[in-house]
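Trainee: 3D, please:
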Amino acid sequence: MNTKAIANEFAKMKHRQIGLIIVLLAVSVAALTAYTSLGSGLLDRLDDPDGYGWKVMFGGVGMGVSLVAPILLAVLASRQVEIEHTGNGWLSSSTAGLTPGQMCRSKFVALGGLVVLATIAWGAILIGFGAAIGIETPIPLGRWAAYVAALAVINLAVLAFHILLSAKIENQLVCVGIGIAGILIAMFSQILPAWVSHLTPWGYYALTIQSAYVGLEPVYFDLPFLSVLGLAVIGGGLFLAITGRFDRQEA
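Mentor: Numbers count the residues shown, from 1 in each chain. Sure thing, here's the model as predicted:
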């Protein structure tokens, strides 16, 4: 990996409001989760021995990330790639020996690191929130860690898709519009068969939801580790293959 190219991507972020979008990604999911959890009567059942508080917060994360992540990840990728289209960056970088594929991979590494940090921030903020309001049952740290790791993989898959899309389509409104469609897919995938959810990266937000109401009480669901692993392997392979093709194309 070209470290100079990655450093250059971070330099480009200074004028693209990337930091603000990352903060929004972290804070908005946490805020939506806290809001929906409080609306589910969390404060009235802080001493519930079955861990009601943590269960509704897990469910709230699933809702929050489905509503926020698809569009903000689309905007992140679009902002970072748009500069190459408007400033003839593909050609100028190519003359300096940096291919379009290398640039896409560098953008993914730079943005992906920030997206992972934002995803970890969701878990940290919400654990702190639960402890601060007084949930009395032990914090399910293992479940939190596994869920945050799964969401990080899904977020990276969505980010990679949008980097490729933004690189191929100059009209970034189209790319952002697909991000909005991703919200609908993530939400409707919750009521669709699991095999349908496996067909798009946004469907994995529904597949990995960790808690939902069954009757009158929330229950935990098992995390589909193999599905998430498959997304990582297939998504990573496709990204490398497609950016490899970009390397052989003229800018």
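Trainee: mind listing what's buried in the one helix or strand G236 maps to?
Mentor: Assessed by DSSP states H and E, G236 sits inside helix 225-247. Neighbour counts over helix 225-247 (16 or more other CB atoms under 10 Å) mark 227-228, 231-232, 235, 239, 242-243, 246 as buried. Where C-beta positions appear, they are placed from N, C-alpha and C, glycine not excepted.
Trainee: for it, packing partners?
Mentor: If contacts are counted by 3 or more CB pairs under 8 Å, 6 or more residues apart in numbering; DSSP states H and E, helix 225-247 sits against helix 100-133, helix 141-168, helix 203-207.
Trainee: who touches the last one?
Mentor: I take that to be helix 203-207. Applying CB atoms under 8 Å, 6 or more residues apart in numbering, the contact partners of helix 203-207 are 62, 65-66, 69-70, 150-151, 154, 157, 185-187, 189-190, 192, 194, 196-198, 224, 227-228, 231.
Trainee: now those: which count as buried?
Mentor: In those, burial by neighbour count holds for 62, 65-66, 69-70, 150-151, 154, 157, 185-187, 189-190, 197-198, 224, 227-228, 231, counting by 16+ other CB under 10 Å.
Trainee: for T36, find the nearest of the helices and strands packed on helix 225-247.
Mentor: With CB to CB as the measure, helix 100-133 is the member of those nearest T36 (11.5 Å).
Trainee: which helices and strands does the closest one pack with?
Mentor: Taking 3+ CB pairs under 8 Å, 6+ apart as the contact cut, helix 100-133 packs with helix 3-13, helix 18-39, helix 52-86, helix 89-95, helix 141-168, helix 225-247.
Trainee: determine which stretch of those is the most buried.
Mentor: Comparing the helices and strands packed on helix 100-133 by mean neighbour count (mean count of other CB atoms under 10 Å), helix 52-86 comes out on top with a mean of 23.
Trainee: compute the inter-axis angle for that one and helix 3-13.
Mentor: Helix 52-86 runs at 100 degrees relative to helix 3-13, counting by axes from the mean of the first three to the mean of the last three CA atoms, to 10 degrees.
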